[in-house]
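**Student:** need the 3D shape of this:
(chains A, B and C)
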Amino acid sequence: MTRWAGPWPTDGIAYGADYNPEQWPEEVWADDVALMRQAGVNLVSLGIFSWGQLEPAEGRFELGWLDRILDLLHEAGIGVDLATPSAAPPVWLHLAHPEMLPVDADGLRYTHGSRESWCVSSPVIREHATRIARVLAERYGHHPAVRMWHVSNELACHNGRCYCDVSAAAFREWLTRRYADVDALNLAWGTAFWGQRYASFEQILPPRRTTTIANPGQRLDFDRFSSDAFVDHLEAEAAVLREVTPHLPVTTNYMVMGDFHQIDYTATTPLVDLVSNDHYLWAEDPRGWAELAFSADRVRGLAGGDPWVLMEHSTSAVNWQPRNLAKEPGQMLRNSLQHVARGADGVLFFQWRQSRAGAEKYHSGMVPHAGADSDRFRAVVDLGATLGRLAEVRGSVVEKARVALLWDTQAWWATDLDAHPTVDLHYLDLARRLHGALLDAGVAVDVLPATSDLDGYRVVLVPTLYLAPPDLSDRLSAVVARGGHVLVSYFSGIVDEFDRVLLGGYPGAFRELLGVRVEEFAPLRENGSARLSDGTTGEVWTERLTADGAEVLATYTDGPAAGGPALTRRSAAGGGAAWYVSTRLDRPALAALVGRVVDAASVAPVVEQPGGLEVVRRTGAAGSWLFAINHTDADLPLQATGLDLVAGRMHHRGDLVPARGVVVLREGV
Amino acid sequence: MTRWAGPWPTDGIAYGADYNPEQWPEEVWADDVALMRQAGVNLVSLGIFSWGQLEPAEGRFELGWLDRILDLLHEAGIGVDLATPSAAPPVWLHLAHPEMLPVDADGLRYTHGSRESWCVSSPVIREHATRIARVLAERYGHHPAVRMWHVSNELACHNGRCYCDVSAAAFREWLTRRYADVDALNLAWGTAFWGQRYASFEQILPPRRTTTIANPGQRLDFDRFSSDAFVDHLEAEAAVLREVTPHLPVTTNYMVMGDFHQIDYTATTPLVDLVSNDHYLWAEDPRGWAELAFSADRVRGLAGGDPWVLMEHSTSAVNWQPRNLAKEPGQMLRNSLQHVARGADGVLFFQWRQSRAGAEKYHSGMVPHAGADSDRFRAVVDLGATLGRLAEVRGSVVEKARVALLWDTQAWWATDLDAHPTVDLHYLDLARRLHGALLDAGVAVDVLPATSDLDGYRVVLVPTLYLAPPDLSDRLSAVVARGGHVLVSYFSGIVDEFDRVLLGGYPGAFRELLGVRVEEFAPLRENGSARLSDGTTGEVWTERLTADGAEVLATYTDGPAAGGPALTRRSAAGGGAAWYVSTRLDRPALAALVGRVVDAASVAPVVEQPGGLEVVRRTGAAGSWLFAINHTDADLPLQATGLDLVAGRMHHRGDLVPARGVVVLREGV
Amino acid sequence: MTRWAGPWPTDGIAYGADYNPEQWPEEVWADDVALMRQAGVNLVSLGIFSWGQLEPAEGRFELGWLDRILDLLHEAGIGVDLATPSAAPPVWLHLAHPEMLPVDADGLRYTHGSRESWCVSSPVIREHATRIARVLAERYGHHPAVRMWHVSNELACHNGRCYCDVSAAAFREWLTRRYADVDALNLAWGTAFWGQRYASFEQILPPRRTTTIANPGQRLDFDRFSSDAFVDHLEAEAAVLREVTPHLPVTTNYMVMGDFHQIDYTATTPLVDLVSNDHYLWAEDPRGWAELAFSADRVRGLAGGDPWVLMEHSTSAVNWQPRNLAKEPGQMLRNSLQHVARGADGVLFFQWRQSRAGAEKYHSGMVPHAGADSDRFRAVVDLGATLGRLAEVRGSVVEKARVALLWDTQAWWATDLDAHPTVDLHYLDLARRLHGALLDAGVAVDVLPATSDLDGYRVVLVPTLYLAPPDLSDRLSAVVARGGHVLVSYFSGIVDEFDRVLLGGYPGAFRELLGVRVEEFAPLRENGSARLSDGTTGEVWTERLTADGAEVLATYTDGPAAGGPALTRRSAAGGGAAWYVSTRLDRPALAALVGRVVDAASVAPVVEQPGGLEVVRRTGAAGSWLFAINHTDADLPLQATGLDLVAGRMHHRGDLVPARGVVVLREGV
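**Tutor:** Residues are numbered from 1 along each chain as shown, chains lettered A, B, ... in the order given. The predicted model follows:
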């Protein structure tokens, strides 16, 4: 991503929602606009699922309604993030081209009837998506309401992997480009195992259902191919928009949240002008706010630290979880300001008016089924006012952290492959726990793609990075050499880019860096644990390892690796060190370890704070702002001074942040 | 259903079973008939799965065996409920017409090899089922043994939804009849959501597998269409039988039990002369007897209060549950008399002689594998004798209750749709709990389709009627206006017939009636609960509501709706009231609430009784009979006097009903 | 199986692994051979998955690498068990004949991409598998390194049941041979039930997905047909090998372990010269060693008591379980010597060098990823040395036991059929528990196919033999008549070979033998239990039975069969008796019952021993050897004297076997 040089789509922080006026009679629209003004809405995403309304039959367009609503919004001073409608192709297109419907690994073809029912490798969707994008760009690209392009929607959300014959052919082309020689592929995939040797690229299939475990190299490359196909799709739509309307920024809404990892977003950031993200809490997770913080930090990492847009979240309940809990009073505000604190300069929702019909009618909106006379809408108005008071924050950036935490989508794919040592190891688990430990300690952290530049970081955390970028070991060594601290965990640096084990003792990529050599993985029984000599407890995983240059900080006192090292540190001349932890420490132990590493690196919290008070600083040309979000039921003191833009009054060092409340201090006043 | 004007198929209460002589060598038949006579059997269902025996090749009939068994039964004075054999088409028909096999939502076609392997929309089964029905009607319609027609078997049990192309075409025709204009359908289904707009009926599919949530309007209409298709099938077979044998009553065996709800039986009752039902206990349910009572009451509601036939239940274990517990000593008798108490004038079993081979050989029968020298067969003989002593009860009806409990199959379908607020809300759950509370209190209740006439009821209970008939609010208001009491629960009256939310605050259909307005649903976490100000506890569900005309009887003291109303009552001038409960009260609290409403309406129990003694009164021209079934391990006093037809001796007020025993008192003697 | 008259493939006990040199660059091979020599390896299985390497295109062979590695191994004195490569057909064969890929019961065809992706009824695989077998036999059959043939691999592991049209035709042919007349089939399958009568064999399908329960006779015959198809395949490959190389013994590696039961191995033993088996522990099972002992005894039973080869086990973790625990120190040795104790004269692993890539790279090997400088490889070297010291044991046999325990694959298939009394009854469960009780008591047991000769056994145990061979009752009666003791459990002898119930009271096959008559099965609720009058507890299952000639040893005091007999014994004149147990006794009660029966039969342990010390004796012309394996954490005394070949020192009566250790005593020294 090149940072967008043009103007931000809104004055102040963007505030609004997906807006689907086509779901309502036109007489509702005037009410919509009036309520939007009441709420302070300044940006809405329009047309995301409107293809069927815009082009009810091939080549026959019904655009009048879109003309009218754009004019209406413009008159009210509300900007538009106009969508290309490819997320929901019209029924006629599916019927004319049933071959564009995706096929699963069992060979079963989906039917139309929901959304995103297309194979990303299909030339049909490519042709028609770019065609309708051009129609919209040419007609609306200079409409004064339009501020921004929203390419498609949540790419790969429901159609992330397609196994059809068209996909198979595209996969073979992709493999041919990647390997050129089929024997290179044979070597990369280890096809000598189980006699899977290919004589030509033509013999290769996607990893469709087979009698037992599929080839892991094939699966990993299919993940890469599929992700690349979405990147190509994004690029094709964006190219049309840029050609016709170079003055408008382009975004596509990511899904950095929970367990979604169908796309390697690092490949998409060069293709968008602004990063935007959709984020939904897992409602039953009592630490959902910590997951939110982690996701927001991941988004900022993808955005290279620049401001980004929260394109969707929910005012209250969603509709797709087992139990769709309503948000508590104040929770919508806290969630929203958490995102802003971590770099969002826009806070939008799905959706403006809660649907009356259809698959998502029990998903909350800014205007609920009960109407504007409701606590929910009043909270929406309050949030709009609060964001208005925070307008000065826009354009500032989150203060660069001293701690970096690395993650990688390719490592995630590789970790998900079949037949690994234990089903209890989940890719993001340890990353989330490390992030949570830092969050509880008030220490700022940048969550970065593993390929990122590590300059300036005093601590680098490398949790379960099973497949590490080839140069990472060198970059980590450089961190240690300049006095920094690196913490690597179990099941990191195990394989090369083809999922082939780096031989000679694990972790092949980091043996030298860490001064350890693992002879054997020793995962634990279900719900098992192992004790360490420092009194802590490990879960899920242990290892039989030997220290080879590292100092042993703790050993296992029981379990399958009893007697051997559990936690080690290889210290370097300049005060730096490479730490290795070979088990999943329980929460207190992990917090203690993180504290020890952070202390060793002399990294301090943003401000001294008790647990449960989330504190983040944004800085800009005009000064700095300190966000403090209280996630507890107690009033908590904040050791900082400034004008609280939320309450509109001075906050002095030690003043309390109310239980479940938020302050945003303009510092240095 | 028009009440059958002709004679009841048997003298006294019908007693018997499905009889499958074709499974046995003919030398067994004489033994069968002798044992039937010993057991007091007077009616058997014959030929249910006999198509393959009757017509082993197209047009080639082997009817001699049926002639012989009918004669044999007739000689023994045993009546026959003759079945049309469409539940099990012969193999040759499947092979000649593989397109008649059903297809699931994934597009996979079933194969023949079990039973009911047909698409109900297939013209093939329609043609052949009516053809064989005519053959049987013409040949046997005047055989003196034949008393009744049994159309097919458990319609829709295994083939309730078919997604094949034939079904798709029939669905489109059905939709065309329903909506005439495709834009009416677009509006009804809310296809503007996710851009699913249809340009013509030809573009529509059944809700086959798609990439994510299907359109709920489409799913709901597909449920209606599928149910209607079975109604049409029933009508077609019945028409042939009525044409040829107008003197014989027609039935089809319903499956009012457990969670079966593939057919809206209210559409079938006009097509049958006698209502009959199959009922199987869920063996591991310790309150199975209460579920039985609820199901029997539902059947009586469908039968308009008239006598009905228990067409199948089991003498002991079934074979299709995870753990097929044998019935306890006495349980078969208690189960049977529960059904009779609640309106059954026939008690039949599946099946006469336990099969030696095939899929259901571990399903119990009247004659078990062990043979007639067995406790099971001796209990069967006892039951026959007991029913013989109850012959005078036949033709009486269950005393009309003062309390009505409403349910609706269409509401059930709608409640089952995807993406609702919580997976923990199950449609019949609250209805069963309310029925159980009344059962424990000894208060009689009529369980009625929600479209039923409510005249004469002092209390009407409306549990989770998510989709309510459009006129129900008026009918309930009339109940209140005449001094009656209505109790409505959470998640009732939410949507219109197209599953579109009634806007302005829930429950749109009943806001005015109840004087409440719900702003937001607030379902609870898994296994969560919320406390109420009256000391009770709610589970699964709460709501954020405001009273708007109603009195607040209890508020939430914690949970997501803390501080707001939980239980309300809007009182009317004449002493009537509309009560609203917004959470799933735990059992004691629900019992207390039901008691309070019933007391307010001055409704008394059938007789004063302790919990666990089920008491039901049937009344007729000749007097009244009080059934008392003791479901406990203690002897319990019954405060009524009469001649106990079971034991054949006088029972005086306060005499004990033995533990696990039954008395049936002829009252007024 | 005829006992192999030729020489054993190795001097001393065979030791080695699957060896897949084609996965590695040739420069690794020399290191392989050097390490093999260091480890004492004398036999490797070669070429199991090499078809794609040997014949990269149809008729184009690349055999040079195999020539070279055979020569290299021969030079090092390492024998070769050469495999036919049919387990992994090359990709080109799949692409040329997609019809050879298997199809599941839903009608979905698998794709190539893993292994064993073929329909066993396909003429394509038959033709090509025998063709390549001939190529290998002709080229390598007289190579001096080759000692043995390894036909295919783990037959039916992933492709045990195929439902394709080719299979359907083959199934019909098989049925035609079995029944000749379709009416015999109709009678056998009970097709009169649910009207499934067939007019010709052409109308029959495999038990593909149908709307509800499939015909059990059809399913059972399909299991038989499928097993027979693998037997035919084995026979076809073996015939080629025997024709070309009559001097070499033929084996195929069985999968007698865990729950695998796709093949009835009793039909394959006549086709192999040596029995071999693959065995993998279920790593999380704390009594995995007992399951190993049971499986090894089953293998010996199949081998007719003769020595057999452990063809595969693992040095440490496998890769296909949920949690692949590493083996504890010493566990690999204990596991290996357990197999040897129970008759194995070969101890091989999968695989020599742990794979770097592919689906099983996290499956341990003799040379781990860490390389030869590892505890794992050092333990491998130790094991080789230990086996070397045990060379004299080779050729001896396990001392014949006085107790026989019967099992039967056909009974297993029948027990697995649908719609049985409870899902909690699993076929091998009680057999394993009985074996475990004997193991804990130190009593030797032969685990035999139910068709085996019972001469010489004093005790015969018949656990849950639902479908018993027709002559078994007579053979058991003979045991009792000659003073022996027979213990039969619940759910034994219920059906005939067509899964038709033997009428008149269960267990039809054994009523007379046992003197009991069961009127009704009475399975228990989930996690339920029933108490017995002797203070013990039953689980899962009870029965309502009457003693009819038997003495009642204990009755039920509660539960569904309360008051009736639970445990009975019918004593015969000569001191013999037939015992019947109608519930699944808990572990202590089962141990007590087994002890009682064994005592009644005057059967003594191998040596007196405390629990946890596994003791087995092998005997031969040269003397006897006593194996004692300590599975506890305490040192345990062994009451025997001899030269411990493991430690190389004398062991005197009462000396301790170290915790987790093994001694092998040459007795009589």
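**Student:** and the residue of the stretch 251-400 of chain A found nearest chain C, what does it touch?
**Tutor:** The nearest approach of the stretch 251-400 of chain A to chain C comes at residue A:259, 18.9 Å away (CB to the nearest CB). All C-beta spots, glycine's among them, are computed from the backbone N, C-alpha and C. Applying CB atoms under 8 Å, 6 or more residues apart in numbering or on different chains to residue A:259 gives the contacts residue A:428.
**Student:** before we move on, what SS does it have?
**Tutor:** At residue A:259 the chain is in coil, as set by DSSP: H, G, I helix; E, B strand; the rest coil.
**Student:** look up how far residue A:191 lies from it.
**Tutor:** Distance, residue A:259 to residue A:191, by CB to CB, to the nearest Å: 30 Å.
**Student:** and the closest residue to residue A:168 other than its chain neighbours, helix, strand or coil?
**Tutor:** Counting by CB to CB, 6 or more residues apart in numbering or on different chains, residue A:168 lies nearest to residue A:206, which is 5.3 Å off, once chain neighbours are set aside. Look at residue A:206: counting by three-state DSSP, its state is coil.
**Student:** equivalent analysis for residue A:517, please.
**Tutor:** Quick answer, by three-state DSSP: residue A:517 is strand.
**Student:** contact residues of the stretch 201-350 of chain A facing chain B?
**Tutor:** Within the stretch 201-350 of chain A, the residues that sit near chain B (CB under 8 Å from any CB of the partner chain) are A:284, A:316-317, A:319-320, A:322-326, A:328.
**Student:** can you tell me which of the residues you listed are buried?
**Tutor:** A:316-317, A:319, A:323-326 (16 or more other CB atoms under 10 Å in any protein chain shown).
**Student:** quick revisit: what score does the residue of the stretch 251-400 of chain A closest to chain C have for pLDDT?
**Tutor:** Per-residue confidence for residue A:259 comes out at a pLDDT of 95.
**Student:** that one and residue A:115, how far apart?
**Tutor:** 20 Å.
**Student:** do you know how far the residue nearest to residue A:168 is from chain B?
**Tutor:** From residue A:206 over to chain B the distance is 17 Å, taken as CB to the nearest CB, to the nearest Å.
**Student:** got it, and residue A:625?
**Tutor:** 32 Å.
**Student:** beyond the longest helix anywhere in chain A, next helix or strand please.
**Tutor:** The longest helix of chain A (DSSP state H) is helix A:216-244. For helix A:216-244, the following helix or strand on the C-terminal side (DSSP states H and E) is strand A:250-251.
**Student:** wait, doesn't residue A:126 sit right on residue A:234?
**Tutor:** No - applying CB atoms under 8 Å as the test, residue A:126 and residue A:234 come out as separate, 11.2 Å apart.
**Student:** can you pull the residues of the stretch 101-250 of chain A lying near chain C?
**Tutor:** A:106-108, A:188-199, A:203, A:205, A:207-218.
**Student:** the host helix or strand of residue A:27 close to chain B?
**Tutor:** Residue A:27 is part of helix A:26-39 when elements are defined by DSSP H and E. No - counting by CB under 8 Å from any CB, chain B is not contacted by helix A:26-39; separation bottoms out at 10.4 Å.
**Student:** in that helix, what's buried?
**Tutor:** Under the neighbour-count criterion of 16+ other CB under 10 Å, helix A:26-39 has A:29, A:32-33, A:35-36, A:39 buried.
**Student:** Serialize these to JSON lines and add fields for pLDDT.
**Tutor:** JSON lines is the format used below for the buried residues of helix A:26-39 (pLDDT from 0 to 100):
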{"residue": "A:29", "pLDDT": "98"}
{"residue": "A:32", "pLDDT": "98"}
{"residue": "A:33", "pLDDT": "98"}
{"residue": "A:35", "pLDDT": "98"}
{"residue": "A:36", "pLDDT": "98"}
{"residue": "A:39", "pLDDT": "98"}
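**Student:** and chain C, which of those residues reach it?
**Tutor:** Among those, not one lies near chain C by CB under 8 Å from any CB.
**Student:** which one of these is nearest to residue C:656?
**Tutor:** residue A:39 (82.0 Å; CB to CB).
**Student:** got the contact list for stretch A:378-387?
**Tutor:** Residues contacting stretch A:378-387 (CB under 8 Å, 6+ apart): A:12-13, A:15, A:38-41, A:315, A:329, A:332-333, A:336-337, A:340, A:347, A:366-367, A:646.
**Student:** what's the PyMOL syntax to select whichever of these are buried?
**Tutor:** Per 16+ other CB under 10 Å, the buried members of the contacts of stretch A:378-387 correspond to this PyMOL selection:
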select buried, chain A and resi 12+13+15+39+40+41+315+332+333+336+337+340+347+366+367+646
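**Student:** in helices only, show me the contacts of stretch A:378-387.
**Tutor:** Checking the contacts of stretch A:378-387 against DSSP H, those in helices are A:38-39, A:332-333, A:336-337, A:340.
**Student:** mind giving me the domain ranges of chain A?
**Tutor:** Here the domain assignment for chain A is A:403-600, A:613-667, based on automatic domain parsing.
**Student:** out of these, deepest packed?
**Tutor:** domain A:403-600 (a mean of 21; mean count of other CB atoms under 10 Å in any protein chain shown).
**Student:** pick out the residue of chain A closest to chain C.
**Tutor:** residue A:190 (2.5 Å).
**Student:** contacting residues for that residue?
**Tutor:** When contacts are counted by CB under 8 Å, 6+ apart, residue A:190 is found next to A:215, A:217, A:498, A:500, C:23, C:355-358, C:361.
**Student:** ok, now with 6 Å
**Tutor:** Contact analysis of residue A:190 by CB atoms under 6 Å, 6 or more residues apart in numbering or on different chains lists C:357-358.
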